[in-house]
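Q: Build me a model:
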Amino acid sequence: MGPDGALAFAALCPPDPMLPPSPHFARSGRAEWRIGGLLSSAYTCPSPLIDATWCIFPYLEPHPRPWLALLCARAQLSLYSLDSEEHRVPLPHGYTTVFPTPLGLLLLGVS
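A: Residues are numbered from 1 along each chain as shown. From the prediction side, this is the model:
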């Protein structure tokens, strides 16, 4: 974790967001992506995680870029770019999963 409590990146590049997401593990404040049992990349954030994925928002900018989307236990979606841009979106409670889609993200929860 960075000195200001920001997300700490343990890898320089995300998994290719155009490919199906590789299996990952999100627990406490850490998300890990593994390829063939080997750690590919790991990310740590200040709050407990529910789920994490890489995504692209193709209509937000002329040259879409990958974003790391972290679904946090404190009812918040945190988005991080590789350029250190950060966005936090408050959510209603009850979301359990976040999926990448061709247009951005899909959030699923309990009904």
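Q: Enumerate the beta-bridge partners assigned to the spatially most central residue of the chain.
A: With distances taken as C-alpha atoms, centre = their mean, A69 lies nearest the centre of the chain, 2.6 Å away. Beta-bridge pairing of A69 under DSSP bridges involves T53, L79.
Q: got a list of contacts for stretch 56-65?
A: Stretch 56-65 is contacted by residues 17-18, 66-67, 81-83, 100, 102-104 when judged by C-beta atoms under 8 Å, 6 or more residues apart in numbering. No exception for glycine: its C-beta is placed from N, CA and C like everyone else's.
Q: need the contact list for the residue nearest to the centre of the chain.
A: Counting by C-beta under 8 Å, 6+ apart, A69 touches 52-55, 77-79, 98, 100, 105.
Q: Type out the ChimeraX command that picks the buried ones from the contacts of stretch 56-65.
A: Entered in ChimeraX, the line below selects the buried ones among the contacts of stretch 56-65, by 16 or more other C-beta atoms under 10 Å:
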select :17,66,67,100,104
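Q: May I see the contacts of stretch 56-65 arranged in TSV, with pLDDT and secondary structure as well?
A: Converted to TSV, the contacts of stretch 56-65 look like this (pLDDT from 0 to 100; DSSP: H, G, I helix; E, B strand; the rest coil):
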residue	pLDDT	secondary structure
P17	49	coil
M18	51	coil
P66	86	strand
W67	87	strand
S81	84	strand
L82	80	coil
D83	82	coil
P100	89	strand
P102	87	coil
L103	88	coil
G104	88	strand
